[in-house]
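> Below is the sequence, then the predicted model.
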Amino acid sequence: AYKAAIFDLDGVITDTAPFHFKAWKKLADELGIRFTEEDNEQLKGVDRMESLERLLALGEHRYSDEEKQAMAADKNAYYQQLIEQLTAEDILPGVMPLLDQLAKNSVKLAIASASRNARTILNGLQLTDRFDYIADPTYARSKPAPDIFLYAAYGVKVHPTQCIAFEDSIAGLQAIKDCSMFAVSVGHDDLRRYSDAHVHRLDELLT
Ligand code: BG6
Ligand code: MG
């Protein structure tokens with residue numbers, strides 16, 4: 001049996017993609033760049049600066065590092081306003097019973113999110129206390145590097161091979177496989193080929 005369960009946050013515990021979309025779209029509109037929901041879909045699991053790079057690559061103009069820093073800060077300020085509205089009601093179906101079941105079986109619980117807003121989001125969802133460890137992405141290379149999952153495992157003192165991890169992004173699933181954890185993909189069927197097991201939603205796991 002697994003000794004730790006490691007969760008991605010955005011798209012697994014709660015659906016923040018519409019907020020990211022709204023915030024990136026506002027920036028794209030200001031810059032005259034066409035940015036669609038499909039474009040946003042490609043940014044799942046991708047960290048803030050890399051997401052910005054990909055958005056800017058959809059336009060013609062090139063920007064300086066200073067300009068990019070300012071754009072990322074603006075996007076984040078707007079995103080932070082949007083996620084203020086998160087409450088426990090925004091926790092995705094199946095998450096609470098799954099966390100309860102795992103905790104009851106003494107499985108350690110950790111978060112491995114690329115988001116620097118992870119703590120704010122968990123606080124809004126009133127979930128902070130449910131996790132034994134929240135890995136800090138500040139000094140981790142971004143997914144698909146395995147860093148953030150390794151930090152999470154280290155944080156709960158469980159060897160990676162004894163961890164099960166849940167992800168909704170391809171980059172995240174690659175990170176999980178790269179550190180030999182059992183990977184569960186959550187969401188689209190196309191994720192199946194990157195994972196060891198697949199569910200559309202976490203509530204499918206409940207018996
Ligand atoms: C990931 C999201 O969890 O966090 C990405 O899937 C996002 O879309 C990334 O870009 C970084 O988030 P933040 O909050 O640090 O800008
Ligand atoms: Mg995600």
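Noted; the coordinates are in hand. Quick caveat: nothing in here was measured; it's all calculated off a predicted structure. Ligands and ions are numbered 1, 2, ... in the order given.
> This structure against ligand 2: which residues are in contact?
8, 10-11, 168-169 (Cβ under 5 Å from the ion). In this view, the C-beta of every residue, glycine as well, is placed from N, C-alpha and C.
> Repeat the analysis, applying 6 Å as the threshold.
8, 10-12, 44-45, 168-169, 172 (Cβ under 6 Å from the ion).
> Just list the residues touching the closest residue to residue 158 other than its chain neighbours, thanks.
Distances taken as Cβ to Cβ, 6 or more residues apart in numbering put residue 4 closest to residue 158, at 3.9 Å, once the chain neighbours are dropped. Residues in contact with residue 4, defined by Cβ atoms under 8 Å, 6 or more residues apart in numbering, are 107-110, 152-153, 156, 158, 162-164.
> Can you pull out the low-pLDDT segments for this protein?
The chain contains residues with pLDDT under 70 at 207.
> where along it do the helices fall?
17-31, 37-41, 48-56, 65-83, 95-104, 118-124, 147-155, 170-178 (DSSP state H).
> Let's have the ones you listed in a markdown table, adding distance to ligand 1 and mean neighbour count.
As requested, the helices of the chain are exported to a markdown table (distance: least, Cβ to the nearest ligand atom, whole Å; neighbours: other Cβ atoms under 10 Å):
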| stretch | distance to ligand 1 | mean neighbour count |
| --- | --- | --- |
| helix 17-31 | 5 | 18 |
| helix 37-41 | 8 | 13 |
| helix 48-56 | 4 | 18 |
| helix 65-83 | 6 | 14 |
| helix 95-104 | 15 | 15 |
| helix 118-124 | 7 | 18 |
| helix 147-155 | 10 | 23 |
| helix 170-178 | 8 | 24 |
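> got those as CSV, with distance to residue 195 columns?
Shown next, in CSV, are those (distance: least, Cβ to Cβ, whole Å):
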stretch, distance to residue 195
helix 17-31, 19
helix 37-41, 18
helix 48-56, 22
helix 65-83, 27
helix 95-104, 16
helix 118-124, 22
helix 147-155, 13
helix 170-178, 5
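> and whichever residue of the chain sits closest to ligand 2, how many residues sit next to it?
The minimum distance from the chain to ligand 2, using Cβ to the ion, falls at residue 11 (3.5 Å). Using other Cβ atoms under 10 Å, residue 11 is surrounded by 21 other residues.
> Which residues are in contact with residue 161?
180-181.
> Could you check how far it is from residue 102?
18 Å (Cβ to Cβ, to the nearest Å).
> Same check on residue 80?
With Cβ to Cβ as the criterion, residue 80 and residue 102 are 30 Å apart.
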